[in-house]
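> below: sequence and its predicted model.
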Amino acid sequence: MADFIEGKRPVIEALRTGVPIKSILMADNVQRDGLIEDILRKAKHFDVDVTTVPRKTLDDKSERGSHQGVMAGTKPHAYVDITVIERAAEAYAEENGGRALVVILDHLLGAIARSAEAVGACGLVIPNKRSAKVDASTYKSSAGAIAHLPVAQVPNLVQVMARLKERGFWVAGASEQTDDVIWRSNLKGKIA
């Protein structure tokens with residue numbers, strides 16, 4: 001089953017932030033308000049096909065029932081090889097006094113991606129099994145930030161951490177079950 005972004009504003013945001021969109025489905029009876037006109041303008045600008053379909057088609061495809069007469073089918077996310085993130089982090093560290101950040105995630109993705117992009121992370125690393133994947137809900141929960149970060153899927157997070165340590169990274173873990181406060185930690189240099 002295809003992955004769909006549902007609703008007028010989420011589709012506008014997806015187009016604005018560069019989410020890879022295959023096509024847009026629009027209900028045949030949707031009201032042509034300002035948001036719909038904006039979607040049509042952006043779709044034309046980004047060369048995304050818009051297909052008019054019966055509203056029932058959208059109702060059948062909708063997971064949340066919140067499509068508002070418009071849904072965007074997304075393309076699969078283009079993951080990168082871990083070496084792309086390693087090289088980006090090395091280059092960033094050279095230009096920024098030895099500082100760089102790579103975020104390694106085990107289960108969470110969307111909201112963390114938003115924070116990682118905001119603080120200038122060089123990329124995200126996620127396991128390729130039993131983990132969150134980059135899909136339409138990730139674009140929504142990350143407020144589009146995931147479109148601006150390279151994401152690598154790897155078979156073994158422990159091996160990635162070892163590789164990064166060999167490249168001079170300190171590996172730090174975060175947990176809600178600690179007495180330490182992150183703001184008191186020394187997070188200078190290259191951190192994963």
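It's in. Since this is a predicted model, take the numbers as computed values, not measurements. Numbering: from 1, shown residues only.

> pLDDT on the longest helix anywhere in the chain, on average?
Secondary structure assigned by DSSP state H gives helix 82-95 as the longest helix of the chain. The average pLDDT for helix 82-95 rounds to 95.

> show me what it is packed up against.
The criterion is 3 or more Cβ pairs under 8 Å, 6 or more residues apart in numbering; DSSP states H and E, and the helices and strands that helix 82-95 contacts are strand 100-101, strand 124-127, strand 151-154, helix 157-166. Yep, even glycine has a C-beta here, placed from its N, CA and C like the rest.

> identify all contacting residues around that helix.
Helix 82-95 has contacts (Cβ atoms under 8 Å, 6 or more residues apart in numbering) with 99-102, 120, 122-125, 150, 152, 154, 160, 163-164, 167, 169, 190.

> report the contact partners of the residue positioned nearest the centre of the chain.
Against the mean C-alpha coordinate of the chain, by Cα atoms, centre = their mean, the closest residue is Ile146 at 2.3 Å. Listed by Cβ under 8 Å, 6+ apart, the contact set of Ile146 reads His77, Leu109, Gly110, Ala113, Glu117, Val134, Thr138, Tyr139.

> may I ask which two of these are separated the most?
Distance extremes for the contacts of Ile146: the farthest pair is His77 and Glu117 at 14.9 Å, using Cβ to Cβ.

> count the residues that sit near Lys140.
Residues near Lys140, counting by other Cβ atoms under 10 Å, number 19.

> least confident secondary structure element in this structure?
When each helix and strand of the chain is scored by mean pLDDT, DSSP states H and E, helix 136-141 comes last, with a mean of 74.

> thank you kindly, that will do.
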